[in-house]
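Whatever this is, show me its structure:
(2 chains)
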Amino acid sequence: MSIKVNLKVLAGGTSEQTIEVEENTTYECLLDDLEINQETVIVLKDGQAVPLDGTVTSSDLTILKIVSGG
Amino acid sequence: MIGGFNNEQIRRYSRHIILQEVGGKGQEKLLSSKVLCIGAGGLGSPIIQYLAAAGVGTIGIVDDDVVDLSNLQRQVIHGGNVDVPKVESAKQFVNKLNPDVNVKTYNHRITPENILDIIKDYDIVVDGSDNFATRYLVNDACVLTGKPLSHGSIFRFEGQVTTILPNEGPCYRCLFEHAPPAGMVPSCQEAGVIGVLPGIIGVIQATEVVKYLLDLGELLVGRMIYYDATQMTFDEIKIRKNPTCPACGENPKITTIEAENYQETCTL
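Got it, this is the predicted structure:
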């Protein structure tokens, strides 16, 4: 069974997409599939960063890059 | 003299004074306020420029760098001052722009050893630094002392900005608990930055500071703006306090400023 996820990626630009992932997919795997380095982003669900070893549930997610330039 | 203002001040601040939301009392508040700017670079330039123009009475500026020719593509207050310490260059700029402003310069890095002593004299801190170690240090010191903080950061064509009111909303670590490993995220020096970008983000930070000082409107507390210059879009991201945040969570691990936590890679 697959899960539908509405994804907003704010990392090196802005993009939005709806994807389907397999049940029990972790956020780490999701980032791997998207070819996003997990060391450089956080995944936000309802305004909070989720542990990347957690499993994706049907929801709206935001992937946000960490940047330090000033 | 009318009220607390001389004739020149009435003319200088007339567009503020006629705003019902600011008025003479608001302008007096600004003139008696103290703001600390961490960094006088890309973000620091517009922050310092607009806070000085607004008549913020005391502006502290921390930076240990000197002006380089490569800075002038975006650091708009340092023209003609190559090789001059940035804090001195910034002070010269402010003195020309608005003699009402007292500039206090700190020509050194902000460190775990000096940060608490420096920030204690200010009403609000604005972070325009350019490295993770300083960003986490500034966040943690502000959380520990309950000092309001405007956070802004930029990279290539994108920028992020939020306002942190300790005890009221989430802090930087609620969002980004740890710094990425060293070398994982390139700096603007390594990856480049479009010159106008810090103008946008820095002016939003200055706006937040003025609003905070005037107790005006809704601050970016619990919200982050993500700006994408290529698409010209502003996305608002809701952010919530993290109960397990090491700085402001229910059982914080960070209860003092310890130097070993703020190396280049940030161990916490």
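
Now residue A:22, what are its backbone angles?
Torsion angles at residue A:22 (phi, psi; degrees, to the nearest 10) stand at phi -70, psi 150.

Burial check on it, number of neighbours?
Residue A:22 has 10 neighbouring residues, counting by other C-beta atoms under 10 Å in any protein chain shown. For the C-beta atoms, the positions are set from N, CA and C on the backbone; glycine is no exception.

Which residue comes closest to it once chain neighbours are left out?
residue A:2 (5.8 Å; C-beta to C-beta, 6 or more residues apart in numbering or on different chains).

where's the one you found relative to residue A:36, distance?
Here the criterion is C-beta to C-beta, to the nearest Å. By it, residue A:2 lies 20 Å from residue A:36.

Which of the two has more residues huddled nearby?
residue A:36 (17 against 11).

Would you mind confirming that the more buried one is in contact with residue A:11?
Yes. Assessed by C-beta atoms under 8 Å, residue A:36 is found in contact with residue A:11 at 6.7 Å.

Pull the distance from stretch B:42-62 to the chain's centre.
Distance of stretch B:42-62 from its chain centroid, counting by C-alpha atoms, centre = their mean, to the nearest Å, is 9 Å.

Neighbours of the closest residue to residue B:120 other than its chain neighbours, how many?
Leaving aside its sequence neighbours, residue B:120 sits nearest to residue B:145 (C-beta to C-beta, 6+ apart; 6.9 Å). By the criterion of other C-beta under 10 Å, residue B:145 has 14 neighbours.

Enumerate every residue touching residue B:145.
Applying C-beta atoms under 8 Å, 6 or more residues apart in numbering or on different chains, we find residue B:145 in contact with B:116, B:119, B:120, B:166.

Of the residues you listed, which is the most crowded?
residue B:119 (22 neighbours).

Roughly how far does it sit from residue B:129?
Here the criterion is C-beta to C-beta. By it, residue B:119 lies 13 Å from residue B:129.

Can you spell out which helices and strands pack onto the helix or strand bottoming out on mean pLDDT in chain B?
Least confident helix or strand of chain B, by mean pLDDT, DSSP states H and E, is helix B:188-191 with a mean of 79. Counting contacts by 3 or more C-beta pairs under 8 Å, 6 or more residues apart in numbering or on different chains; DSSP states H and E, helix B:188-191 packs against strand B:149-155.

Nice, that's everything, thank you.
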